[in-house]
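Asker: this one's structure only:
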Ligand code: PMP
């Protein structure tokens, strides 16, 4: 037995997936990227429908220009953490801009979305305190729980009653609890019953943090997210987000309606012990944030694409992971082979999507995940629909 032997079952799964098609679905090699919606895989130009580029801002002229200007003026990296040499004017300005977007007093920028969860959650709840976490949370949330010294309790996915029972069981200790949920779950694209979850949290005197990684930019007034859409910004305590999806970059943020949230800078290890984001990353994120707050044009195009695509796959008999159409469409298959055949068939038709199979999926589901973008043109959406029409005629669409 060596330390590496434990990876054998994962290598076997990767081998099985690779054997089912000419390109392995895990770590698909992107040889080149031409635009927000086109890239090159295995020497072929493909339509990208498996990224998180929801607003298509990776190639936005303003974002690119801002990044280039920042590299020219400030260099490629900060080479230090925010606590040391990496606390530039741009980082501080971006934090103010996030706080203003939410109408809240406090915001902290982290180097990735993963670290935003790690940094906020692990610092907010410590020894003798509690984390009450939705069971289907993203890995960064589960890892944050491991880093925290708090007692972690999972509640059933999207189940406010189950959360209520667990909080009740804590009695007075519920007041020392942080409830952690996502607004829109990234694998199935399902929405949390946020109003109910927030209500239960408040009834028990706990606090709640909402990860809006897949909804910030796309929902609510000015795109600020689902908490804003539901009018919950006076009751939610913290919102986490990432730059790596609608903002088209890399980085993360956490905003709060509590001014004291700023104090986390002094005690959050994932904030303190890592280099701050490079100047071009911050400049591009500022330009992207300003772009998405400025108008609803990108959101309108995205929602038009979502409406057309979802109507088509539903008409063709595909089962989706969520009743609410959104930027993530998860097509659910009963058999792993059906999901693989669809994923491969789409790639053969020049369309890249995500294949997700157990153990990486909730409830052991086999999923082809399609993410739509405001940058997808009407013609590209038509191409996707035509590909599904042909696949549905050849393969079994539903579970
Ligand atoms: N939270 C959720 C819900 C996510 O889906 C992701 C990324 N997939 C993250 C956090 C981490 O974000 P990033 O990739 O920007 O580090």
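Answerer: Great, that's in hand. Remember, it's a predicted structure, so these values are computed and weren't measured experimentally. Numbering: from 1, shown residues only.

Asker: And the residue of the stretch 51-200 of the chain found nearest the ligand, how close does it get to residue 303?
Answerer: In the stretch 51-200 of the chain, no residue comes nearer to the ligand than residue 113, which is 2.4 Å away by C-beta to the nearest ligand atom. From N, CA and C alone the C-beta is placed, and that goes for glycine too. Distance from residue 113 to residue 303, counting by C-beta to C-beta, to the nearest Å: 23 Å.

Asker: quick one, which of the two is more surrounded?
Answerer: residue 113 (25 against 18; other C-beta atoms under 10 Å).

Asker: my guess is that one contacts residue 241, does it?
Answerer: Yes. If you go by C-beta atoms under 8 Å, residue 113 and residue 241 touch, sitting 7.0 Å apart.

Asker: shared neighbours, these two?
Answerer: In terms of C-beta atoms under 8 Å, 6 or more residues apart in numbering, residue 113 and residue 241 are both contacted by the residues 213, 252.

Asker: Which SSE is immediately downstream of the helix ranked longest in the chain?
Answerer: As assigned by DSSP state H, the longest helix anywhere in the chain is helix 297-315. Sequence-wise, the next helix or strand downstream of helix 297-315 (DSSP states H and E) is strand 328-333.

Asker: quick one: low-confidence parts of the protein?
Answerer: 20-26, 398-399 (pLDDT under 70).

Asker: How is it divided into domains?
Answerer: The record's domain parsing of the chain by automatic domain parsing lists 8-48+296-395, 61-293.

Asker: Identify, out of those, the most deeply packed stretch.
Answerer: Each of the domains of the chain was assessed for mean neighbour count using mean count of other C-beta atoms under 10 Å. The highest is domain 61-293, with a mean of 20.

Asker: How about the residues of the stretch 251-399 of the chain by the ligand?
Answerer: residue 252 (C-beta under 6 Å from any ligand atom).

Asker: JSON lines please, covering the domains of the chain and showing distance to residue 54.
Answerer: As requested, these are exported to JSON lines (distance: least, C-beta to C-beta, whole Å):
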{"stretch": "domain 8-48+296-395", "distance to residue 54": "5"}
{"stretch": "domain 61-293", "distance to residue 54": "5"}
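
Asker: before we move on, the earlier item: ok, the residue of the stretch 51-200 of the chain closest to the ligand - contacts?
Answerer: With C-beta under 8 Å, 6+ apart, residue 113 has these contacts: 140, 213, 240, 241, 242, 243, 244, 245, 251, 252.

Asker: if I've got this straight, the fourth one is in a strand?
Answerer: Yes. Under DSSP: H, G, I helix; E, B strand; the rest coil, residue 241 sits within a strand.

Asker: ok, it to residue 314 distance?
Answerer: Applying C-beta to C-beta, the value for residue 241 to residue 314 is 29 Å.

Asker: And the third one, by the same measure?
Answerer: When C-beta to C-beta is the yardstick, residue 240 and residue 314 sit 31 Å from each other.

Asker: ditto for the first one
Answerer: Distance check for residue 140 against residue 314: by C-beta to C-beta, it reads 31 Å.

Asker: for the last one, same thing?
Answerer: Look at residue 252 and residue 314: by C-beta to C-beta, they are 34 Å apart.

Asker: For the stretch 51-200 of the chain, just list every one of the strands.
Answerer: Assigned by DSSP state E, counting those that start in this stretch, the strands in the stretch 51-200 of the chain fall at 106-110, 130-134, 151-155, 177-182.

Asker: Rebuild the ones you listed as CSV, extending it with distance to the ligand.
Answerer: Listed next are these as CSV, based on distance: least, C-beta to the nearest ligand atom, whole Å:
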stretch, distance to the ligand
strand 106-110, 9
strand 130-134, 11
strand 151-155, 16
strand 177-182, 5
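
Asker: Kindly reformat the ones you listed as a markdown table containing distance to residue 369.
Answerer: Converted to a markdown table, the strands of the stretch 51-200 of the chain look like this (distance: least, C-beta to C-beta, whole Å):
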| stretch | distance to residue 369 |
| --- | --- |
| strand 106-110 | 25 |
| strand 130-134 | 19 |
| strand 151-155 | 23 |
| strand 177-182 | 15 |
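
Asker: so residue 227 sits in a helix?
Answerer: Yes. The assignment for residue 227 is a helix, going by three-state DSSP.

Asker: show me what contacts the residue nearest to it when sequence neighbours are not counted?
Answerer: Of all residues not flanking residue 227 in the chain, residue 236 sits nearest, at 4.8 Å (C-beta to C-beta, 6 or more residues apart in numbering). By C-beta under 8 Å, 6+ apart, the contact list for residue 236 reads 194, 198, 208, 209, 210, 227, 257.

Asker: What strand or helix carries the residue lying closest to residue 68 once chain neighbours are set aside?
Answerer: Nearest non-adjacent residue to residue 68, counting by C-beta to C-beta, 6+ apart: residue 280, 7.2 Å away. Residue 280 is part of helix 279-294, with elements assigned from DSSP H and E.

Asker: which residues in the stretch 51-200 of the chain form helices?
Answerer: With helices called from DSSP state H, counting those that start in this stretch, the stretch 51-200 of the chain shows them at 61-74, 89-102, 113-124, 139-147, 160-170, 194-203.

Asker: looking at those helices, which is closest to residue 217?
Answerer: Residue 217 lies closest to helix 89-102 among the helices of the stretch 51-200 of the chain, at 10.5 Å (C-beta to C-beta).
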